[in-house]
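Visitor: any chance you could fold what I've pasted below:
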Amino acid sequence: MSWRAAIGEGLRDIASGASRPLLFAILFAVTAGGAATWGAVDTTSAVLAADAYVEAGAATFVETSPGRIDGRACDSLVDLASVRAAGAVRESPDGLVAEALPRTRIPLFTATQGFSDVIGFSAPLSLGVVVSTEVASILGATPGATVATMNGPTTVAGVYDYPDDGREAGLAYAAVEAASSIEERYDACWMTVWPEDETAVAALSRTVISADEASAERPTLRQLNSTKGDRFVDHRTTSRPLVGGLAWAAATLSGFGFVWFRRLVVSADRHAGMGRRAQILSLGVQAGIWSLSGSALSFVAVICVTRVSEQNRDPTVWNALVVLLIAMIGAQLGTAAGVATVRERHFFRYFKER
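Guide: Predicted structure coming up:
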């Protein structure tokens, strides 16, 4: 039998429903596709946990040395591969005093532009001061509003969120303004590092300017939020090799079962003169169709469970696609193995077992 005839035979079996393509597509989606979805769910959970860890400030480190932090050196730390953001800050001695609350001093910090990315300001510091949500609530200020202060009208450029989640409360009730020059000295350098990189954290020490006096206070390094642990703990229970192996095994068994389910027909076709290679091609086409259909169903499930940012979604979805491809190959191997085990001489035994 020619290869075209073998393919045509397989397509006719699919069209007529004789090979139960819907049944095996669902079986493939539940088993092999289930393994791929399980891996995607596990990875998504780990990504969400990592995002929460970073957003809580656990991946942010602060090098403190009053009056000895080099602002330019601090901002330049962002050039390191694992550093997401870095910026220098110092507290102004006078603070900010609103005319509506003359007896209430609002802590005012001066920061470099890089500090905006560390905290996640909603507006550039160059447009005015950025205040915490608590200050904005007390003053009734909104982005773009002008607040009367003892030093004159002050524009509120934006509002930043600084939740009470275990992080140091220094900026929970405060206002931040832009520094007039990055060349000035600061009190602290803040840096967010992700993925974790001890070498990058150690680089914070390079932002400290040498002390003029031997008795100067030594710099201190601390984690902004230590309640989340000093290191991120990945609780994933799966790995790509494990998920791929399970999907491959499940699909291989499905392919073998697909042939064994039709062993009487396979034996009869061989008795009628159809060669083993033609049968592998014909049944392989059928297995390819139902495994591809099952993969499509599984891919929809993977998309639904991957609730992460686009940056993290693409690798997760790609890994799932690789697992499904491995499973489709397993289905073909199982089908070929099934054809190899069917014997023409067992035709009557298969007939009795039908």
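
Visitor: from here on, just use CA atoms for contacts and neighbour counts.
Guide: Will do.

Visitor: and stretch 206-221, how far apart are its ends?
Guide: In stretch 206-221, first residue to last residue: 12 Å (CA to CA, to the nearest Å).

Visitor: what mean pLDDT would you report for that stretch?
Guide: Model confidence over stretch 206-221, given as mean pLDDT, is 80.

Visitor: for stretch 234-246, same thing?
Guide: On average, stretch 234-246 scores 83.

Visitor: what are the buried residues along that stretch?
Guide: Using 16 or more other CA atoms under 10 Å as the test for burial, stretch 234-246 gives R240, V243, G244, G245, L246.

Visitor: follow the chain on from whichever strand in the chain runs longest and name the next helix or strand.
Guide: If you go by DSSP state E, the chain has its longest strand at strand 60-70. Per DSSP states H and E, the first helix or strand lying C-terminal to strand 60-70 is helix 71-75.

Visitor: please enumerate residues in contact with that next one?
Guide: If you take CA atoms under 8 Å, 6 or more residues apart in numbering as the criterion, helix 71-75 is touched by 86-88, 112-115, 182-186, 189-190, 204, 206-207.

Visitor: starting at the chain centroid, how far to the helix or strand just after that helix?
Guide: Next in sequence after helix 71-75, counting helices and strands by DSSP H and E, comes strand 83-91. Strand 83-91 sits 24 Å away from the centroid of its parent chain (CA atoms, centre = their mean, to the nearest Å).

Visitor: elements contacting the helix or strand that strand 83-91 is followed by?
Guide: Per DSSP H and E, strand 83-91 leads on to strand 96-97 as the next helix or strand towards the C-terminus. Using 3 or more CA pairs under 8 Å, 6 or more residues apart in numbering; DSSP states H and E as the contact definition, the elements that strand 96-97 packs against are strand 105-106.

Visitor: quick check: phi and psi on the residue nearest to L333 when sequence neighbours are not counted?
Guide: Excluding the flanking residues, the one nearest L333 by CA to CA, 6 or more residues apart in numbering is T252, at 6.2 Å. Dihedral pair for T252: phi -60, psi -40, per degrees, to the nearest 10.

Visitor: am I right that T252 is in contact with G334?
Guide: Yes. Counting by CA atoms under 8 Å, G334 is a contact partner of T252 at 4.2 Å.

Visitor: re earlier: out of the contacts of helix 71-75, which are buried?
Guide: 86-88, 112-115, 182, 185-186, 189-190, 204, 207.

Visitor: looking at these, which is nearest F232?
Guide: Nearest to F232, judged by CA to CA, of the buried ones among the contacts of helix 71-75 is W190 at 18.8 Å.

Visitor: partners of the helix or strand where that closest one lies, with directions?
Guide: Following DSSP H and E, one finds W190 within strand 185-193. Sheet partners assigned to strand 185-193 using DSSP bridges are listed as strand 60-70 (antiparallel), strand 83-91 (antiparallel).

Visitor: what mean pLDDT would you report for the longest one?
Guide: Which is strand 60-70. Rounded mean pLDDT across strand 60-70 is 94.

Visitor: with the last one instead?
Guide: Throughout strand 83-91, pLDDT has a mean value of 95.

Visitor: could you give the number of residues near V130?
Guide: Using other CA atoms under 10 Å as the criterion, V130 is surrounded by 29 other residues.

Visitor: any idea how far it is from T64?
Guide: 22 Å.

Visitor: give me the pLDDT for the spatially most central residue of the chain.
Guide: With distances taken as CA atoms, centre = their mean, N312 lies nearest the centre of the chain, 3.3 Å away. Looking at N312, its pLDDT stands at 75.

Visitor: list the contacts for it?
Guide: V47.

Visitor: what's the helix or strand for it?
Guide: Counting by DSSP H and E, N312 is found in helix 310-341.

Visitor: any idea which of the strands paired with strand 185-193 is most buried?
Guide: Of the strands paired with strand 185-193, the one with the most neighbours on average (mean count of other CA atoms under 10 Å) is strand 83-91, at a mean of 25.

Visitor: so who does the residue nearest to E168 when sequence neighbours are not counted touch?
Guide: Excluding the flanking residues, the one nearest E168 by CA to CA, 6+ apart is L224, at 6.0 Å. Neighbouring residues of L224 by CA under 8 Å, 6+ apart: G57, A58, A59, T60, F61, V62, R167, E168.

Visitor: the helix or strand containing V300 - contacts with which helices or strands?
Guide: Assigned by DSSP H and E, V300 belongs to helix 276-305. Here helix 276-305 touches helix 3-16, helix 21-55, helix 240-261, helix 310-341, going by 3+ CA pairs under 8 Å, 6+ apart.

Visitor: can I get those helices in a markdown table including distance to G95?
Guide: Below are the helices and strands packed on helix 276-305 laid out as a markdown table (distance: least, CA to CA, whole Å):
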| stretch | distance to G95 |
| --- | --- |
| helix 3-16 | 77 |
| helix 21-55 | 27 |
| helix 240-261 | 53 |
| helix 310-341 | 39 |
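
Visitor: so which of those is nearest K228?
Guide: When the helices and strands packed on helix 276-305 are compared (using CA to CA), the closest one is helix 21-55, at 6.9 Å.
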